[in-house]
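>>> here is my input; please provide its structure:
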Amino acid sequence: MQHLLEAARRPSAEYGGRLANHLPMALIALARMGAPAARLDAFAAAYAARKVLRPLPAAGPALTAASWPAALGDTAAEGPARGYFRGALAQAGRDRVLRGHLPALLPGLGGSAFHALIRTAYAVECGDDAELAAALAYWTMSHLPLGEPAAGAAAEADPLRLLAELRAALDGRIGGVEGPTIFARMALAARLPGFAPVVDRLAVGVDGLPVLAAAAVALFAHTADFTALHMMTALHALRLLLPWVEDRPGALRQAWRALAAAYVAAAMPPLPTADALDVLRRRAAPGWPDILAAASASDDEHVVKAAYTAWQEDSVRADPLYRVAAARYAGLIA
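As a prediction, the model looks like this:
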């Protein structure tokens, strides 16, 4: 996979109207699902034939540890940020770089509809520092702060219940948050007057990740919604990065805020009831070998990532919703 990853990161992390270059992420997912070298070659060739990727922008002024924070959210910072992170990783090592930079990056984890977060986690998982430098640079340029959670009483424990309240509070605005990309709509959603009073009521503690993950897979399994897919993959990525995060409750609060904004950006699809989820969990679905084989044969990068994420999360959380959702997204069940 090494030569394919090297080729995949020569272009910018974005193309077209600020769309994410999924090729590095898809290659890592395919390799971890057991796809052979010939399949990786074929996927990379098919992806390059379908997408008009743009060259990496020419590098601007070099970044330093002192100047890097000012580059957060600067779409022109990709080249300098790659150089900065390559140097930092070579000098300080992966652990120190992640521990030192994730506190500033996590408040913008919704950037590029979570793709920078996901690419960073995949790079860590495959142990490739050159890919990690490119991913952290991507996160730098796409950084999307959505506001700080307000201090105060946070007593609600169920994210789906709060999403239902959010849907009611923003009634009449469903479909009214318009923007060219998911993350543009997320930014608008977080500024709606009724957003923060509902969202900030979720109680997220140090062990809150499974609660958020359960809500995300429930929404994706119920709707097969494209944005809900990204919510599920984002929480898988966050799980992979949390070992390097000291303030876990803070990171989870930021993740929840971004997830709620993504839900609004998706036009707030109907939420599943407990009975509907029970029915989904009892659905007959193929086993993971068949799902992974079908996903590995697909040229759709989102089918690949959906299957990989669901497979990995099911190994940790053992929820049948992951297998049902992945099988349906791969076209194996109706």
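
>>> OK, contacts around residue 213?
Residue 213 makes contact with 232, 235-236, 239, 313, 317 under the criterion CB atoms under 8 Å, 6 or more residues apart in numbering. Any C-beta I mention is one placed from the backbone N, CA and C, and that applies to glycine too.

>>> which of those residues are buried? Put it as a PyMOL command.
Restricted to buried positions by 16 or more other CB atoms under 10 Å, the PyMOL selection for the contacts of residue 213 reads:
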select buried, resi 232+235+236+239+313
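
>>> so which of the contacts of residue 213 sit within helices?
232, 235-236, 239, 313, 317 (DSSP state H).

>>> any chance of these in a markdown table, plus pLDDT?
A markdown table is the format used below for the ones in helices among the contacts of residue 213 (pLDDT from 0 to 100):
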| residue | pLDDT |
| --- | --- |
| 232 | 98 |
| 235 | 98 |
| 236 | 98 |
| 239 | 98 |
| 313 | 98 |
| 317 | 95 |
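
>>> picking up where we left off before, nearest to residue 135 among the contacts of residue 213?
Comparing these against residue 135 with CB to CB picks out residue 236 as the nearest, at 14.9 Å.

>>> hmm, back to that, between the contacts of residue 213, which is closest to residue 25?
Of the contacts of residue 213, the one sitting nearest to residue 25 (CB to CB) turns out to be residue 236, at 11.5 Å.

>>> I'd say the closest one and residue 315 touch.
No: with contact defined as CB atoms under 8 Å, residue 236 and residue 315 do not form a contacting pair (10.7 Å).

>>> surely residue 130 is in contact with residue 83?
No: with contact defined as CB under 8 Å, residue 130 does not count as touching residue 83 (11.7 Å).

>>> which element is residue 277 on?
Using DSSP states H and E, residue 277 falls within helix 274-281.

>>> now residue 144: phi and psi?
For residue 144, the backbone dihedrals (degrees, to the nearest 10) come out as phi -130, psi 80.

>>> near the nearest residue to it once chain neighbours are set aside, how many other residues are there?
Spatial nearest neighbour of residue 144, excluding adjacent residues (CB to CB, 6 or more residues apart in numbering): residue 111 at 3.9 Å. Neighbours of residue 111 under the rule other CB atoms under 10 Å: 26.

>>> ok so, going back, the ones in helices among the contacts of residue 213 into CSV, with extra columns for distance to residue 78?
Formatted as CSV, the ones in helices among the contacts of residue 213 follow (distance: CB to CB, whole Å):
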residue, distance to residue 78
232, 27
235, 25
236, 24
239, 26
313, 30
317, 34
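
>>> just those residues now: which is nearest residue 79?
residue 236 (28.7 Å).

>>> alpha carbons of stretch 66-74, as CSV, please.
The C-alpha coordinates for stretch 66-74 follow below in CSV (Å, rounded to 0.1, in the frame of the first residue of the first chain):
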residue,chain,number,x,y,z
ALA,A,66,4.3,29.5,17.4
SER,A,67,2.7,30.4,14.1
TRP,A,68,0.8,27.2,13.4
PRO,A,69,-2.3,28.1,15.5
ALA,A,70,-2.9,31.2,13.4
ALA,A,71,-3.2,28.9,10.3
LEU,A,72,-6.2,27.0,11.7
GLY,A,73,-9.1,27.4,9.2
ASP,A,74,-6.8,28.9,6.5
